[in-house]
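**Q** sequence? don't have it. structure:
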């Protein structure tokens, strides 16, 4: 790839490759794209700081965005839409991107997430019915958690689309930025982008309660104010979806409770409105894709809030949740380690993958359980 290539050509190449999720523009490296979780260098010519600067200039011009935040020394996070157009390679279908511009080693850098126009296919992505069926919940709080890049937004987009396809209702999403476009189907869908359509999550959430919502998707519960407001919304009977960067159901409950000064009251309130917690990882399989890359699939831990789980939350005995999920497998519950063991027994993942992505079991105990699956 020519070092003087423009941002449009870089984005076009990423959009045309459906396996690309992210683009890295960092001085001292060629343009780098993440494909199926692995880095791919585009050419071998290193980009210098002045080249990165030119590309960043083009991004701001295409986004029609001022550089105030960047010039104040802050990181800048925003969305970028590129229109459909004819190119020398054919018709570029257009695309949407989430851009983060920042400084490192005294020079500019950018990481760009590719946002696909088409909604994800849950069957192709192997998102289980046990997860998707949580969209049929009538009200309360449903959380999808996991580290960055594990597919939380994709799973939630599938759940929102299921509601949109089957219910006569009003869905309000608050996202930073909007990642998937939901067309009106059976439902009315209003999507609000933070900093463009509304100043912040808290303002959007408070406003949403005056907009006759049936379903609210809150991009992230970041702090006390948004968590408290989400719980209040769920108490009114609205079905609220949101995310946290936690790795287990127990960690998720503890994270929410810990932000409240009155933890006992928080446990009571959370036990009343919480309906389910889904924790997610993306793991490599033993399969090889059409392009030779290793296929990745989501692995889930699913907690459904029963009467027993409500008591566990109220009484601060979250260490008992693993046994509840293990005993509730027939009801669609499972632990992360149990899901990994099942995939290994089916020959879908390797032993080393199961050991690497375990969350609760110690290494030796997990190894013994894996041996028992043979």
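**A** Nice, I can see it. Because the structure is a prediction, the values reported are computed rather than measured.
**Q** Please make it C-alpha for all contacts and neighbour counts, starting now.
**A** Will do.
**Q** what's the offset of stretch 329-349 from the middle of its chain?
**A** 21 Å (Cα atoms, centre = their mean, to the nearest Å).
**Q** right, and residue 125 touches residue 297 too?
**A** Yes: between residue 125 and residue 297 there is a contact under Cα atoms under 8 Å: 6.8 Å.
**Q** of the two, who's got more company?
**A** residue 297 (19 against 14; other Cα atoms under 10 Å).
**Q** quick check, the more buried one in a strand?
**A** Yes: counting by DSSP: H, G, I helix; E, B strand; the rest coil, residue 297 is part of a strand.
**Q** Quick check: it vs residue 340, distance?
**A** Here residue 297 is placed at a distance of 11 Å from residue 340 (Cα to Cα, to the nearest Å).
**Q** Next, residue 153: phi, psi?
**A** Main-chain dihedrals, residue 153, degrees, to the nearest 10: phi -60, psi -40.
**Q** contacting residues for it?
**A** Contact partners of residue 153, counting by Cα atoms under 8 Å, 6 or more residues apart in numbering, are residue 179.
**Q** hmm, 10 Å instead?
**A** If you count contacts by Cα atoms under 10 Å, 6 or more residues apart in numbering, residue 153 has them with 144-145, 159, 175, 178-180, 219, 242-243.
**Q** can you check residue 106 too?
**A** Taking Cα under 10 Å, 6+ apart as the criterion, residue 106 is in contact with residue 49.
**Q** Going forward, the N-terminal residue is numbered 45.
**A** Happy to do that; since the first residue is 45 now, the last one works out to residue 150.
**Q** where's it relative to residue 117, distance?
**A** From residue 150 over to residue 117 the distance is 11 Å, taken as Cα to Cα.
**Q** measure residue 413 to residue 53 for me?
**A** To residue 53, residue 413 is 49 Å away according to Cα to Cα.
**Q** Revised request: answer the last question for residue 395.
**A** In terms of Cα to Cα, residue 395 sits 41 Å off from residue 53.
**Q** cool, and residue 281?
**A** As judged by Cα to Cα, residue 281 and residue 53 stand 47 Å apart.
**Q** With neighbour numbers in mind, choose between these two.
**A** residue 281 (16 against 13).
**Q** Quick one, grab the pLDDT at the nearest residue to the more buried one once chain neighbours are set aside.
**A** Leaving aside its sequence neighbours, residue 281 sits nearest to residue 183 (Cα to Cα, 6 or more residues apart in numbering; 5.0 Å). Per-residue pLDDT puts residue 183 at 96.
**Q** Then residue 220?
**A** According to the prediction, residue 220 has pLDDT 83.
**Q** Equivalent analysis for the one 5 residues further on, please.
**A** As predicted, residue 225 sits at a pLDDT of 87.
**Q** Phi, psi for it please.
**A** Main-chain dihedrals, residue 225, degrees, to the nearest 10: phi -90, psi 120.
**Q** hmm, back to that, does the residue nearest to residue 281 really touch residue 276, like I thought?
**A** No: Residue 183 is beyond contact range of residue 276, at 12.0 Å (criterion: Cα atoms under 10 Å).
**Q** where do the contact lists of those two overlap?
**A** Residues touching both residue 183 and residue 276 by Cα under 10 Å, 6+ apart: 282, 317.
**Q** Low-confidence ranges, the stretch 45-194 of the chain, go.
**A** Across the stretch 45-194 of the chain, the ranges flagged by pLDDT under 70 are 45-48, 131-136.
**Q** could you pull out the strands for it?
**A** For the stretch 45-194 of the chain, the strands defined by DSSP state E, counting those that start in this stretch cover 64-69, 75-79, 82-86, 120-126, 129-131, 134-136, 139-148, 151-159, 184-189.
**Q** low-confidence ranges in the stretch 195-344 of the chain?
**A** By pLDDT under 70, the weakly predicted segments of the stretch 195-344 of the chain are 333-337.
**Q** quick one: the strands in it?
**A** For the stretch 195-344 of the chain, the strands defined by DSSP E, counting those that start in this stretch occupy 214-219, 232-237, 259-262, 283-288, 318-332, 338-348.
**Q** Buried residues, the last one. List them.
**A** Taking 16 or more other Cα atoms under 10 Å as the neighbour-count basis, strand 338-348 is seen to contain the buried residues 338-348.
**Q** and that strand, what other elements does it pack with?
**A** Other elements packing on strand 338-348 under the criterion 3 or more Cα pairs under 10 Å, 6 or more residues apart in numbering; DSSP states H and E are helix 166-169, helix 173-176, strand 184-189, helix 293-302, strand 318-332, helix 365-371, helix 380-389.
**Q** Pick the most buried one from those.
**A** For the helices and strands packed on strand 338-348, the largest average neighbour count (mean count of other Cα atoms under 10 Å) is found in strand 184-189, namely a mean of 25.
**Q** Give me the sheet partners of that strand and which way each runs.
**A** The pairing partners recorded for strand 184-189 under DSSP bridges are strand 283-288 (parallel), strand 318-332 (parallel).
**Q** ok and the longest one relative to helix 380-389, angle-wise?
**A** Taking axes from the mean of the first three to the mean of the last three Cα atoms, to 10 degrees, one finds strand 318-332 and helix 380-389 inclined to each other by 30 degrees.
**Q** Report the inter-axis angle for strand 318-332 versus strand 338-348.
**A** On the basis of the same axes, to 10 degrees, strand 318-332 is oriented at 160 degrees to strand 338-348.
**Q** what's the angle from strand 318-332 to helix 293-302?
**A** Using the same axes, to 10 degrees: strand 318-332 against helix 293-302 is 140 degrees.
**Q** Same check on the shortest one?
**A** Angle, strand 283-288 to helix 293-302, by the same axes, to 10 degrees: 100 degrees.
**Q** What residues sit buried inside strand 283-288?
**A** Across strand 283-288, burial judged by 16+ other Cα under 10 Å covers 283-288.
**Q** On the strand side of things, show who residue 139 bridges to.
**A** In this entry, residue 139 is beta-bridged to residue 126, by DSSP bridges.
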